[in-house]
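Visitor: Please find the sequence and the predicted model below.
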Amino acid sequence: MGYKEVYDSWKQDPEGFWMQAANAIDWDEKPTKALFDENAPMYEWFCDGKVNTCYNAVDRHVEAGNGARTAIIYDSPITDTKHKISYAELQTRVASLAGALRAKGVEKGDRVVIYMPMIPEALEAMLACSRLGAIHSVVFGGFAANELAVRLDDAQPKAIIAASCGLEPGRVVHYKPLVEGAIELARHKPEFCVIFQREQEVAKLKDGFDFDWHGFQAGVEPAGCVPVEGNHPAYILYTSGTTGAPKGVVRPTGGHLVALNWTMKNIYNVDPGDVFWAASDVGWVVGHSYICYGPLIHGNTTIVFEGKPIGTPDAGTFWRIIEEHKVKSFFTAPTAFRAVKREDPKGEYLKKYDLSGLNAIYLAGERADPDTIEWTQAMTGKPVYDHWWQTETGYTIAGNPVGIEALPVKIGSPTVPMPGYDIHILDDAGHELPAGELGAIAVKLPLPPGTLPTLWNAGDRFHKSYLNTFPGYYETGDAGMIDKDGYIWIMARTDDVINVAGHRLSTGGMEEVLASHPDVAECAVIGVTDQLKGQLPVGFVCLTKGVNRPHDEIAKECVKLVRDKIGPVAAFKLALVVDRLPKTRSGKILRAIMVKIADGTEYKMPATIDDPAILDEIKEALQSIGYAK
């Protein structure tokens, strides 16, 4: 069957389609049906099945005689370390850690926050939680203490699993002080903390609260796999909300297993035993779905890479890993290739390596600009597939189903909807728009298995964020169109979340931080186009009356404030002091217009603008830092 036949077969019989896909998973108790719609629009999948994620990702491969197969390849150019872990070794290590957590009282339903760098132990911590039916929440290693504290208060974990440090080129990121700072700030206090000590920095442990990773496991009985209900949360992953308060996306166990397993062959076209590499981080959804769970559930070899596209040591790192580890399918963010292109525009490093074993390159995490795709195609000679999905969905909404049928690529489009996703383009009133017209992208409910059923402890916010705008639909928050061939085009965000090097960040959250500065009366943050990172935040601050300090000094303090509160991941380096902000008469700041001025694109003067002259002042300010050309 080709794509159209597969997609039509899902549309005609969604229940049958997903029940068939569920047969590829090992269930303790098979579900009697796929969709549970009793609480619509809060749909759930495979609720009456019993299953364990860790069993499907690890144990079943060992029991099938594939224990010697490599599960994880760790490649760290930062520490000059490489090693392989087989499925049998992974089973031993995960069962041991799970046993130690169980001995300290961690049970099914308990939350555990994981705060780790890109090392195999991060995956082991995730799998150990899922082995027990505990709900993990991975927080990107190095996130600022107050951001971690917010997540501790929301998830209320029994324990934290962390490393002593993370490593960036030329510097050590001290994790332990950040964890301690977060615990101090948080209202909720975890019961204990497990620390993986790295040789680059050995952290001081607090007696009775902190436990060394290895000592913690000594003499403890390994844990078996605890079956959980199909709708039991596998994990909580926090994503930037437009209000600045993070949203805890819940991932249900059964649907997560079924959907990810389905994608490995049908979208990424890999078979069990093939090497699959997603160059991301476990702190993000790509790391959850396609460094940890997807490849292991499917029986692939996954790569844990601790490094950067450039500088560890050079722009040939990606190509070296692809050749050395025989990567068949490679997935990264467009920003990574922008960095490589900037460093090595003619592909001199690439010429040193043999990419003959690589079948395809996949891009996601932000809009893939045509220049980057064309350069990558020309340099590698490989097909480059953009695909579109979200933290909320956990896997592809629209993509190229290469394992079913490689469809013609239209550069700028992530291709077509995947089975499970019935995509519609709606106007503000919720009416369907014709092909080629720009509108809000919405998905007809129910969403497919593995997508978020709700937000953690925030059902009302779930409805408000995703379901209320267009009743009967999931609001993606993206704007775009569908062309006459059924291809999806993603044009813009419909809210103020910006994408910095593949990291979705809330400008609203940054504005909250800037507004806390004692000299700032009003502020706005916009995302301006950046050739390397996709977007960069620029802050505009209006000072409180009577403040006579040098503007440069205040701008530097504002930058430091955002970096301290949100972390370096925000890439916040530009703050401009302005007299006033462009607004509508009702007081709404015209951020979208400011972005267009910064990027040098045409815009229509809004009829509701209070004072058009302010736009010239904004343009001058942006020109002073090299924008608005």
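Guide: Looks like it arrived, so ask away. Since this is a predicted model, take the numbers as computed values, not measurements. Numbers count the residues shown, from 1 in each chain.
Visitor: Let me know the secondary structure of Leu127.
Guide: Classification of Leu127 by DSSP: H, G, I helix; E, B strand; the rest coil places it in helix.
Visitor: is it true that it touches Tyr55?
Guide: No: applying Cβ atoms under 8 Å, one finds Leu127 not in contact with Tyr55, separated by 10.0 Å. Quick note: C-beta positions are derived from backbone N, CA and C, even for glycine.
Visitor: Check the secondary structure at Cys225 for me.
Guide: coil.
Visitor: Tally up the residues packed near it, please.
Guide: Per other Cβ atoms under 10 Å, the neighbour tally for Cys225 reads 22.
Visitor: now it: how far from Arg320?
Guide: Between Cys225 and Arg320 the computed distance is 37 Å (Cβ to Cβ, to the nearest Å).
Visitor: Any idea what the residue nearest to Val569 when sequence neighbours are not counted is bridged to?
Guide: Leaving aside its sequence neighbours, Val569 sits nearest to His503 (Cβ to Cβ, 6 or more residues apart in numbering; 5.5 Å). Bridge pairing for His503 (DSSP bridges) gives the partners Val500.
Visitor: how near is His503 to Pro252?
Guide: 25 Å.
Visitor: low-confidence ranges in the protein?
Guide: Within the chain, the stretches with pLDDT under 70 are 240-245, 367, 492-497, 504, 506, 508, 584-588, 606-608.
Visitor: Identify the structural domains in it and state their residue ranges.
Guide: Here the domain parsing of the chain from automatic domain parsing is 91-226, 497-623.
Visitor: Check those for me and report the most buried one.
Guide: domain 91-226 (a mean of 20; mean count of other Cβ atoms under 10 Å).
Visitor: what distance separates that domain from the centre of its chain?
Guide: Relative to its chain's centre, domain 91-226 lies at 20 Å (Cα atoms, centre = their mean, to the nearest Å).
Visitor: Show me where the stretch 201-350 of the chain has its helices.
Guide: All helices of the stretch 201-350 of the chain, identified by DSSP state H, counting those that start in this stretch, fall at 213-217, 253-266, 285-287, 294-298, 317-324, 334-343.
Visitor: what would those look like in TSV with distance to Glu602?
Guide: Output for the helices of the stretch 201-350 of the chain, formatted as TSV (distance: least, Cβ to Cβ, whole Å):
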stretch	distance to Glu602
helix 213-217	56
helix 253-266	39
helix 285-287	34
helix 294-298	42
helix 317-324	37
helix 334-343	24
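Visitor: residue with max distance from the center of this structure?
Guide: Gly546 (43.2 Å; Cα atoms, centre = their mean).
Visitor: That residue in helix, strand or coil?
Guide: Once three-state DSSP is applied, Gly546 turns out coil.
Visitor: next one: Ala21
Guide: Using three-state DSSP, the structure places Ala21 in helix.
Visitor: Pro190 now?
Guide: Here Pro190 is recorded as coil under three-state DSSP.
Visitor: can you give me the helices for the stretch 401-550 of the chain?
Guide: Here the stretch 401-550 of the chain has its helices, by DSSP H, counting those that start in this stretch, at 459-462, 507-515.
Visitor: Of all the ones you listed, which one comes closest to Ala186?
Guide: Proximity to Ala186 (Cβ to Cβ) singles out helix 507-515 among the helices of the stretch 401-550 of the chain, at 17.7 Å.
Visitor: for that closest one, packing partners?
Guide: Here helix 507-515 touches strand 520-530, strand 534-543, helix 551-566, going by 3 or more Cβ pairs under 8 Å, 6 or more residues apart in numbering; DSSP states H and E.
Visitor: Can you list the strands that the following helix or strand past the longest one pairs with?
Guide: So the one you mean is helix 551-566. Sequence order places strand 574-577 as the next helix or strand after helix 551-566, per DSSP states H and E. Here strand 574-577 is paired, per DSSP bridges, with strand 534-543 (parallel).
Visitor: The partner strand relative to helix 507-515, how many degrees between them?
Guide: 30 degrees (axes from the mean of the first three to the mean of the last three Cα atoms, to 10 degrees).
Visitor: Settle this for me: Cys292 is touching Leu127, isn't it.
Guide: Yes: the criterion here is Cβ under 8 Å, and Cys292 meets it with Leu127 at 7.3 Å.
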